[in-house]
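Enquirer: A structural model of the following input is requested.
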Amino acid sequence: MFDTNKFLKGTSGEVFLNTEKLIEINKINIKMTGQFEEFAPTGDYNTHHVYTGYDGEGTLEGARINTGVDAEIIENWQKGVSPIFTIYASLTNPNTNKTERYMVTGVQFTEVTPADWESKTLVKRSMPFTFTGIKVMDKME
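Expert: Numbering: from 1, shown residues only. As a prediction, the model looks like this:
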């Protein structure tokens, strides 16, 4: 039977940066892209793809309520250092009480926009990042 209560909705998601809950975030994207090298052995007309690793990247989006993370990144970049963070992301289905949780490690933000606003408009931010590790802490089944 088709049960609409099983559909996931982003409203019940949470995002933490290190240990701080980011209440202003309303969208998160975490993406792993596989890296493959083409291999064409003799006697085989097919091109094979050999997995060689992955790239991790993503984006946090939402309203801007402070400049704490921006200031930390700006100050460190000007010293030649890129601060490294951990992101914890979870999504719960309130109808089934099932939750998926991810821990993303080695997070480095790749862009900072200190000022981007206009009159009579909610100030928003987009924070693209790369990462080196991801762990599935809980999964929905």
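Enquirer: please identify the buried residues of stretch 85-92?
Expert: Neighbour counts over stretch 85-92 (16 or more other CB atoms under 10 Å) mark 85, 87-92 as buried. In short, each C-beta sits where N, CA and C put it, glycine included.
Enquirer: now swap in stretch 67-79 and tell me
Expert: 69-70, 73.
Enquirer: other residues contacting it?
Expert: Residues from elsewhere that reach stretch 67-79 (CB atoms under 8 Å, 6 or more residues apart in numbering): 17, 82-83, 109, 112-114, 127.
Enquirer: closest to residue 37 out of the residues you listed?
Expert: Of all the contacts of stretch 67-79, residue 37 sits closest to residue 82, with 27.9 Å by CB to CB.
Enquirer: what are the boundaries of the strands in this structure?
Expert: 13-17, 20-21, 25-39, 48-63, 85-93, 98-109, 124-131, 133-138 (DSSP state E).
Enquirer: gap between the third one and the chain center?
Expert: With CA atoms, centre = their mean, to the nearest Å as the basis, the distance from the averaged C-alpha position of strand 25-39 to the chain average is 10 Å.
Enquirer: and it, which strands flank it?
Expert: strand 48-63 (antiparallel) (DSSP bridges).
Enquirer: sort out which residues of the partner strand are buried, please.
Expert: Residues of strand 48-63 classed as buried: 56, 58-60, 62 (neighbour count, 16+ other CB under 10 Å).
Enquirer: can you pull the contacts of residue 135?
Expert: Contacts were defined as CB under 8 Å, 6+ apart; by that measure residue 135 touches 102-103, 105.
Enquirer: let me have those residues in a markdown table, extended by neighbour count and distance to residue 21.
Expert: Below are those laid out as a markdown table (neighbours: other CB atoms under 10 Å; distance: CB to CB, whole Å):
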| residue | neighbour count | distance to residue 21 |
| --- | --- | --- |
| 102 | 17 | 15 |
| 103 | 15 | 15 |
| 105 | 14 | 18 |
